[in-house]
Every structure is written in C-alpha cells, then in structure tokens.
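Student: dropping a prediction and its sequence here:
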Amino acid sequence: MRIKESGVPSMADQWETCPPNVKNFVLQLLKHVEEILSDRMLGFYVHGSLAMGGFNPRKSDIDILVVTSEPLSISDKRKCAQVLLKFSKSPFPIEISFLNQGQLKNWQHPCPYDFHYSEMWRNRFENKEEHTSLFLNKNVKTDPDLAAHIVITRTRGICVKGKPIPEVFPEIPRADYIASILGDYKDCLKNIEAHPVYSVLNSLRVLWFLKEDVIASKIEAGQWGLSVLPNKFTKTIRKAADSYLDEHSDTYFDTDELILFKDYISKAVQNLLK
C-alpha cells in the first residue's frame with residue numbers, strides 16, 4: 001500500500017521532543033515488559049497520537065505494540081496484566097497489544113494476537129481469578145483494529161527498542177486497512193451526538209485517507225478538513241479541534257450541525273468506496 005507523506009515532523013523528531021514525563025513513563029513500562037519477556041522481546045513500538053504529534057497528556061492514550069519471538073505463556077500474560085494494572089492511568093492510560101512474529105509473518109485480517117490491555121479491559125483483569133481466566137488463556141483471539149495499528153506503526157510509528165519497524169511488521173493490504181478503519185468510522189457516525197469531538201475528527205481522518213492515502217492524526221485531519229470542506233462545516237470542525245486540545249473545553253454542538261456534517265461525510269465516503 002502506497003502512503004503519501006503528510007508533511008509532518010519525522011518519527012525521530014516526535015520522540016526527541018516528547019515531554020520528559022511522558023517519555024520516562026514509556027521507558028519505565030518498557031523496563032517492566034523486558035523483565036517479563038527478556039530476550040524473547042523483538043521490539044517495543046509506539047504508534048497513535050504520541051507517534052504522530054497529536055498527543056494530549058490530559059486525554060490521550062499511549063498506544064503500544066510489543067512483538068515477541070514466540071507466543072506468550074499464560075504466566076507471561078498474567079504478569080503483563082499485573083504490570084499494566086499498575087501503570088495504566090498512572091498517570092497516562094495505556095492501550096497495548098502483544099503479538100508474536102508468527103502472527104505477523106503469516107498475515108491475515110483480522111490479525112491474531114497474544115495479549116491486549118486497555119482501560120476498557122481493566123475490569124476483566126481486576127476481578128477474581130475465575131473471571132480473568134476467560135481472557136488469560138491459549139485461545140486464539142483476533143482484533144480487526146490491528147491492521148490500522150500496524151499501518152500507522154509502519155508509516156509513523158516509533159521504535160523505542162528492538163528491530164527496525166520494516167523488519168518486523170508486514171506491509172498491510174490497502175483493503176485490510178480500509179476494512180479496519182471503517183469499523184471505527186461507522187461507530188463515529190452512529191455515536192456522533194454522544195461523542196462529537198472524536199467522531200468529527202476521526203471521520204475526517206478516514207475521508208482524507210480515502211481521498212489521498214494520507215495517514216493523519218486527529219488534529220492534522222481537522223486542519224485538513226478546515227482547508228478543503230465547504231465553509232458551512234468550518235465552525236463544527238474548529239470546535240472539535242479546539243475541544244480536543246483543551247482539557248477544560250465544554251463545547252456545545254447543535255444536533256443539526258452534527259447531522260449535517262454526518263450526512264456530508266457519509267456521502268463523500270460512500271462515493272470514494274464505489
């Protein structure tokens with residue numbers, strides 16, 4: 001899949017200019033993961049907003065992929081869960097997936113993985129042993145979001161430690177990437193009134209990719225939307241972008257403006273998918 005440059009700072013620049021407290025948090029997590037995996041860890045990679053320069057320390061997750069030489073044991077998963085329960089939201093929430101090289105070498109969509117943690121999954125690991133055993137087992141699990149995570153990692157991710165990104169992650173077929181982002185996009189359209197900021201900006205990311213094959217952060221997509229969408233959407237997009245950057249923003253979105261934006265984006269995306 002051919003990805004166009006978005007004119008943003010390099011991955012190395014993003015890591016070098018990362019706030020010290022954020023970088024130290026990532027490095028401390030890396031240290032604990034290494035203690036569990038030892039030389040079985042092939043690489044530790046940051047993707048998402050932190051890698052793309054759109055990280056908001058008051059709102060954003062830290063997105064990580066860990067690749068290992070062999071599948072994780074149940075003991076490994078249990079240890080990882082304990083580390084993540086301690087680190088995530090102290091102070092930054094973590095979303096992390098562990099994959100082994102066999103899962104990446106023999107690519108399929110949705111991609112299988114060994115272990116996943118996010119704050120949405122916290123209760124699964126905080127509850128009693130009989131409950132967590134449902135998630136800490138040898139059953140094969142897949143995640144359609146991994147196609148998008150890997151494309152972002154290959155395009156704009158940061159190798160914090162380990163093998164270079166192109167040596168670890170395969171090139172993802174464009175059709176798999178589109179299938180991956182469309183799942184979240186459909187949720188955005190459905191929930192735009194409940195979550196207007198995320199929905200508006202993420203819908204613009206999808207539209208920009210379908211039009212120009214650009215991998216963008218939410219803020220970059222908002223800036224692009226302001227420059228290319230009709231003027232009647234300027235106020236809506238600007239409110240979404242400003243609210244994303246402002247912890248204390250309590251922006252009001254009118255239902256009519258959100259429906260108008262949703263209808264426009266939906267038609268534009270449908271036309272591009274024909």
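Tutor: Arrived safely. Just so we're clear, the structure is a prediction, and the values are computed from it rather than from any experiment.

Student: contacting residues for the residue nearest in space to the middle of the chain?
Tutor: Nearest to the mean C-alpha position of the chain, counting by Cα atoms, centre = their mean, stands Gly48 at 4.4 Å. Applying Cβ atoms under 8 Å, 6 or more residues apart in numbering, we find Gly48 in contact with Phe55, Ser60, Asp61, Ile62, Asp63, Glu95, His149, Ile152. The way it works is simple: take the backbone N, C-alpha and C, and place the C-beta from them, glycine included.

Student: Lys89 is in contact with the third one, correct?
Tutor: No. If you go by Cβ atoms under 8 Å, Asp61 and Lys89 don't touch, sitting 9.9 Å apart.

Student: give me the below-cutoff pLDDT ranges for the stretch 51-200 of the chain.
Tutor: 128 (pLDDT under 70).

Student: list phi and psi for His47.
Tutor: Backbone torsions for His47, taken as degrees, to the nearest 10, come to phi -130, psi -160.

Student: which strand residues bridge it?
Tutor: Legend: beta-bridge partners of His47 under DSSP bridges are Asp63.

Student: quick check: it vs His116, distance?
Tutor: According to Cβ to Cβ, to the nearest Å, His47 and His116 sit 14 Å apart.

Student: got it, and Lys218?
Tutor: For Lys218, the distance to His116 (Cβ to Cβ) stands at 22 Å.

Student: just to revisit the earlier point, and the residue nearest to the centre of the chain, how far is that from Lys89?
Tutor: From Gly48 to Lys89 the distance is 16 Å (Cβ to Cβ).

Student: ditto for Arg122
Tutor: For Arg122, the distance to Lys89 - Cβ to Cβ - is 8 Å.

Student: so which of the two has more stuff around it?
Tutor: Counting neighbours by other Cβ atoms under 10 Å for Arg122 and for Lys89 shows that Arg122 has the greater number, 16 against 13.

Student: that one contacts Leu85, doesn't it?
Tutor: Yes. Arg122 is within contact range of Leu85, at 6.9 Å (criterion: Cβ under 8 Å).

Student: which residue, other than its chain neighbours, is closest to Asp76?
Tutor: Ile36 (6.0 Å; Cβ to Cβ, 6 or more residues apart in numbering).

Student: give me the neighbour count for that neighbour.
Tutor: For Ile36, the tally of surrounding residues (other Cβ under 10 Å) stands at 18.

Student: so which strand or helix has it?
Tutor: helix 20-37 (DSSP states H and E).

Student: buried ones in that helix?
Tutor: Across helix 20-37, burial judged by 16 or more other Cβ atoms under 10 Å covers Val22, Lys23, Phe25, Val26, Leu29, Leu30, His32, Val33, Glu34, Ile36, Leu37.

Student: ok, of the residues you listed, which one's closest to Phe233?
Tutor: Checking these against Phe233 with Cβ to Cβ, the nearest one is Val22 at 32.4 Å.

Student: so what's the closest one closest to, chain neighbours aside?
Tutor: Pro57 (6.3 Å).

Student: measure the one you found to Lys23 for me?
Tutor: Counting by Cβ to Cβ, the gap from Pro57 to Lys23 is 11 Å.

Student: and Leu210, what does it touch?
Tutor: Ile178, Val269, Leu272, Leu273.

Student: next one: whichever strand or helix holds it to chain centre, how far?
Tutor: Per DSSP H and E: Leu210 is located in helix 196-212. Taking Cα atoms, centre = their mean, to the nearest Å, the mean C-alpha location of helix 196-212 is offset from the chain mean by 14 Å.

Student: what are the buried residues along the very next helix or strand once past it?
Tutor: Past helix 196-212, further along toward the C-terminus, the next helix or strand under DSSP H and E is helix 218-228. By neighbour count with 16+ other Cβ under 10 Å, helix 218-228 contains the buried residues Lys218, Ile219, Glu220, Ala221, Gly222, Trp224, Gly225.

Student: just those now: which is nearest Arg238?
Tutor: Gly222 (7.8 Å).

Student: picking that back up, of the buried residues of helix 218-228, closest to Arg156?
Tutor: Distance to Arg156 across the buried residues of helix 218-228 (Cβ to Cβ) is lowest for Glu220, with 10.3 Å.

Student: hang on, the earlier thing: in CSV: the buried residues of helix 20-37, plus pLDDT.
Tutor: Converted to CSV, the buried residues of helix 20-37 look like this (pLDDT from 0 to 100):
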residue, pLDDT
Val22, 96
Lys23, 96
Phe25, 98
Val26, 98
Leu29, 98
Leu30, 98
His32, 98
Val33, 98
Glu34, 98
Ile36, 98
Leu37, 98
